[in-house]
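S.K.: I would like the atomic coordinates for the input below:
(one chain, ligands or ions: 1)
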Amino acid sequence: MSYSVEVVRNNLEEVRTVDLPDAGTIELADGEAIIRVDRFGLTANNITYGVAGDMIGYWQFFPAENEFGRIPVWGIGTVINPGSTDLKAGDEYYGYYPMSSYLVVRPGHVTPRGFTDGAEHRAPLPPAYNQYSLMTSENGFDREYDAHRMVYYPLFITGFVLDDWLADNDLFGAEKVILSSASSKTSFSLAFLLQQNRNTTVVGLTSAGNKAFVEGMGIYDEVVTYDDVEQMADAKVAFIDMAGNRQILERLHNHLGDNIVCSCGVGITHWESRDGQEPATLPGAKPSMFFAPSQIQKRNQDWGPEKLEAEMQKAWSAFLGSVDNWVTINEATGKDAMVETYKTVLHGAKPDQSYICVV
Ligand SMILES: NC(=O)c1ccc[n+]([C@@H]2O[C@H](COP(=O)([O-])OP(=O)(O)OC[C@H]3O[C@@H](n4cnc5c(N)ncnc54)[C@H](OP(=O)(O)O)[C@@H]3O)[C@@H](O)[C@H]2O)c1
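M.R.: Next up, the predicted model:
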């Protein structure tokens, strides 16, 4: 039975599964194809797609009816009906999918690297999310690491771009880089790269319950809990904020004042804690949102796409050599397990466990 997992757009606690018509019964329009969604990763990043769904347009990728929305995920799918398109049945693509049994796409610009979904409703959305990569070794896919690709890759690449952006700006003159939600995959990707590449002190800011995990990774020079923000010694700091917790932001800025030389918003893992002082009125560097595509575009120009790709691959390989020491990847199969996994991630999964859903 084909199905889709949907949530109420303005209440992510409300989740349901709906039956879909069997993919074999779908009549495709000219230029459309069907991809079966096989597996995908689920982390706080996907919850953020829901939290910021209206602000950034994430609900528009895979529309649902009435008050419901389909949360996007990074996964692997197989072409099961190429229709009249240039896709080939059986080819596997990595990309952005709904939590559903299949996706109807309108492939444009099909090359050995992949294709772009040219569906009309996706045209106004950021192009990177509309691209699907053919999973060949020529395209950098090592199939032994499919699960890692789905769970970590989009987060690791964000860490890669942040590390490069900080270095490109001489760390804004900071002596320390502080990362909130230090136990998150995006933060520890960045910490891993900063520790390897840069001569700076990396401070992990986390909840009391996740402190032992963060300390155990051995990639943060200091680990501080949210309760102890005011105990931090004065130093020039760059703050990279994955938590998006307004109260912590307020306390940190008020404590360190002008010593905050960079305050960069990246995530909203603490999606239930968005009340606090207006960020623009805080002392120290003005908080601003990180926009990875600008730095990627800059490096494409500075280095050229081949060097950029090679640097990313080198860093990714090094990360793959370490990440299994910290986190176990679990598989959840079928729609009930998918809903349970979604709820676990929504409420904050244990940082040493990550999840793949098998559709
Ligand atoms: N702007 C971008 O381009 C970009 C790209 C990638 C990721 N991001 C963002 O970075 C953030 C991290 O994503 P991720 O997938 O790496 O996360 P993750 O690994 O799933 O993070 C889990 C951690 O987040 C905190 N957390 C999660 N759920 C929570 C809840 N309900 N209440 C309180 N804390 C919770 C906890 O950390 P602590 O206890 O340590 O706080 C937890 O250990 C997301 O907001 C994501 O959207 C942004």
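S.K.: Quick check: closest non-adjacent residue to Thr328.
M.R.: In this structure, Thr328 finds its nearest non-sequential neighbour in Gln353, 5.7 Å apart by C-beta to C-beta, 6 or more residues apart in numbering. Any C-beta I mention is one placed from the backbone N, CA and C, and that applies to glycine too.
S.K.: From Lys185, how far off is that neighbour?
M.R.: 11 Å (C-beta to C-beta, to the nearest Å).
S.K.: higher neighbour count, the two?
M.R.: Neighbours were counted for Gln353 and for Lys185 using other C-beta atoms under 10 Å; Lys185 has more, 25 against 12.
S.K.: How about that one, nearest residue that isn't a chain neighbour?
M.R.: Per C-beta to C-beta, 6+ apart, closest to Lys185 is Leu155, 4.4 Å.
S.K.: Around the ligand, which positions in the stretch 51-200 of the chain sit nearby?
M.R.: Contact residues (C-beta under 6 Å from any ligand atom) of the stretch 51-200 of the chain with the ligand: 155, 158, 181-186.
S.K.: Filter those down to just the ones in helices.
M.R.: Counting by DSSP state H, these place 155, 158, 185-186 in helices.
S.K.: Return the closest of those residues with respect to Tyr93.
M.R.: The nearest member of these to Tyr93, counting by C-beta to C-beta, is Leu155 at 19.7 Å.
S.K.: if we can go back for a sec, got a pLDDT number for the residue nearest to Thr328?
M.R.: Model confidence at Gln353, given as pLDDT, is 98.
S.K.: residues contacting it?
M.R.: Residues in contact with Gln353 (C-beta atoms under 8 Å, 6 or more residues apart in numbering) are 327-328, 330.
S.K.: most neighbours, which of these?
M.R.: Greatest neighbour count in the contacts of Gln353, by other C-beta under 10 Å, goes to Val327: 20 neighbours.
S.K.: From the ligand, how far off is that one?
M.R.: Distance, Val327 to the ligand, by C-beta to the nearest ligand atom, to the nearest Å: 8 Å.
S.K.: Next: Glu340.
M.R.: The gap separating Glu340 from the ligand is 15 Å, by C-beta to the nearest ligand atom.
S.K.: what's near enough to touch that residue?
M.R.: Taking C-beta under 8 Å, 6+ apart, one finds Ala332 in contact with Glu340.
S.K.: Tell me the secondary structure of it, please.
M.R.: In the three-state summary, Glu340 is assigned as helix, counting by DSSP: H, G, I helix; E, B strand; the rest coil.
S.K.: pretty sure Gly173 contacts Val261?
M.R.: Yes: using C-beta atoms under 8 Å, Gly173 is in contact with Val261, at 5.3 Å.
S.K.: Give me the more crowded residue out of these two.
M.R.: Taking neighbours as other C-beta under 10 Å, Gly173 and Val261 compare with Val261 leading, 18 against 10.
S.K.: hang on, that one is in a helix, isn't it?
M.R.: No: according to three-state DSSP, Val261 belongs to no helix; its state is strand.
S.K.: Show me what residue of this protein gets nearest to the ligand.
M.R.: Using C-beta to the nearest ligand atom, the closest approach of the chain to the ligand is made by Gly267 at 2.6 Å.
S.K.: Show the pLDDT at Val261.
M.R.: 98.
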